[in-house]
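Asks: The following comprises the amino acid sequence and a computationally predicted model.
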Amino acid sequence: MTAEQCSVATESGVCPRPVTLAKPLQLCEEHKIAVALAVVPDLLAGALVEIRADHYNTARPLPEELAHIIDSATAAVLPTGARHPALVYFLLNGGRVKIGHTRGLAARVRALSLREEAVVLLLHGGPSLERALHQKFARDRIGGSEWFELSVDMVGFIARKQSVTTVRPRHTAQRRERIPRARRREARADAELAIEQAIQRGESLNAADIGRRYNMGETWGGDRIRAVRAQLDRTTAETEPS
């Protein structure tokens, strides 16, 4: 086959003419290998792309029993003890997510040299839920490991399962010190603005509701309400004529 014959290749890169050899090529072993190295990798890469595309477009739906296991799974909060009922965890590390199950989450996180903040989702469940999730995200799986690419589908799944208290439980005074100061300042400012607006609208305020909304605890919520009321009282006193 000559170069002129391939000049009519379509835009898709597929030549409509059959492959024929006008004359057998006589190559030494070294040149045969050199030609193969130049041509074969591109051919294999293109074939791999096509196979992955076919797999993505023809992926079979999850069996009904597995879909039910996943749909019925509920979000859990971070356990406070070293041992706890079985949980399925989603651990984020860069652009990868590990999906596994454990009864000792803290030890598992430490063993992977990650921090608590890497836990992006916890679900009540054990091996059966883990296996169902592995099958659900099979096309994102990295080799035969428990690590998966952070795909759009996985991001959406995590978002649907998450709630305000999914990752962070209500903090005790001891745990609250572990929250970064910048995050605490931001939460305090947002909460005090919301409280001030609620007071101006004449709405009732509940310390537990405020603390839960910002995941900081009832005592913290009560402190914010008192701080805002005190500031408003000072402002009123300063503007009233003497």
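Replies: It's in. Numbers count the residues shown, from 1 in each chain.
Asks: what's the helix or strand for the residue most central in space within the chain?
Replies: The residue lying closest to the centre of the chain (CA atoms, centre = their mean) is V155, at 4.7 Å. Using DSSP states H and E, V155 sits in helix 152-161.
Asks: helices or strands up against that helix?
Replies: strand 119-124 (3 or more CB pairs under 8 Å, 6 or more residues apart in numbering; DSSP states H and E). Glycine gets a C-beta too; all of them are placed from N, C-alpha and C.
Asks: mind running it again at 10 Å?
Replies: strand 87-93, strand 96-102, strand 119-124, helix 127-136 (3 or more CB pairs under 10 Å, 6 or more residues apart in numbering; DSSP states H and E).
Asks: So which of those is nearest A194?
Replies: Closest of the helices and strands packed on helix 152-161 to A194 is strand 119-124, at 25.9 Å (criterion: CB to CB).
Asks: picking up where we left off before, what angle do the helix holding V155 and strand 119-124 make?
Replies: Taking axes from the mean of the first three to the mean of the last three CA atoms, to 10 degrees, one finds helix 152-161 and strand 119-124 inclined to each other by 60 degrees.
Asks: quick one, helix 152-161 and helix 127-136 angle?
Replies: Using the same axes, to 10 degrees: helix 152-161 against helix 127-136 is 140 degrees.
Asks: Now tell me what touches helix 152-161 from outside.
Replies: 70, 73-76, 90, 92, 97, 99, 120-123, 133, 136-137, 139-140, 148, 150-151, 166 (CB atoms under 10 Å, 6 or more residues apart in numbering).
Asks: give me the low-pLDDT residue ranges for this structure?
Replies: Across the chain, the ranges flagged by pLDDT under 70 are 1-25, 40, 42-60, 163-183, 238-242.
Asks: The same query, at a cut-off of 90, please.
Replies: Within the chain, the segments meeting pLDDT under 90 span 1-63, 79-82, 94-95, 143-144, 152-153, 162-242.
Asks: all helices of it, in order?
Replies: Using DSSP state H, the helices of the chain run over 3-6, 29-57, 64-72, 105-111, 127-136, 152-161, 173-176, 181-200, 207-213, 218-239.
Asks: Put together JSON lines for those helices, with distance to R83 on each row.
Replies: JSON lines is the format used below for those (distance: least, CB to CB, whole Å):
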{"stretch": "helix 3-6", "distance to R83": "67"}
{"stretch": "helix 29-57", "distance to R83": "40"}
{"stretch": "helix 64-72", "distance to R83": "24"}
{"stretch": "helix 105-111", "distance to R83": "9"}
{"stretch": "helix 127-136", "distance to R83": "17"}
{"stretch": "helix 152-161", "distance to R83": "24"}
{"stretch": "helix 173-176", "distance to R83": "18"}
{"stretch": "helix 181-200", "distance to R83": "29"}
{"stretch": "helix 207-213", "distance to R83": "26"}
{"stretch": "helix 218-239", "distance to R83": "27"}
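Asks: Compare these and report which one is nearest to P85.
Replies: Comparing the helices of the chain by CB to CB, helix 105-111 comes nearest, at 10.7 Å.
Asks: which parts of the closest one are buried?
Replies: Using 16 or more other CB atoms under 10 Å as the test for burial, helix 105-111 gives L105, A106, R108, V109.
Asks: again with stretch 209-223
Replies: Neighbour-count burial for stretch 209-223 [16+ other CB under 10 Å]: I210, G211, R212, Y214, N215, M216, G217, W220, G221, G222, D223.
Asks: which of these lies closest to L114?
Replies: N215 (20.6 Å).
Asks: Domain-wise, how is the protein divided?
Replies: According to automatic domain parsing, the chain comprises the domains 27-58, 64-161, 173-239.
Asks: Of those domains, which stretch is the most buried?
Replies: domain 64-161 (a mean of 15; mean count of other CB atoms under 10 Å).
Asks: Thanks a lot, catch you later.
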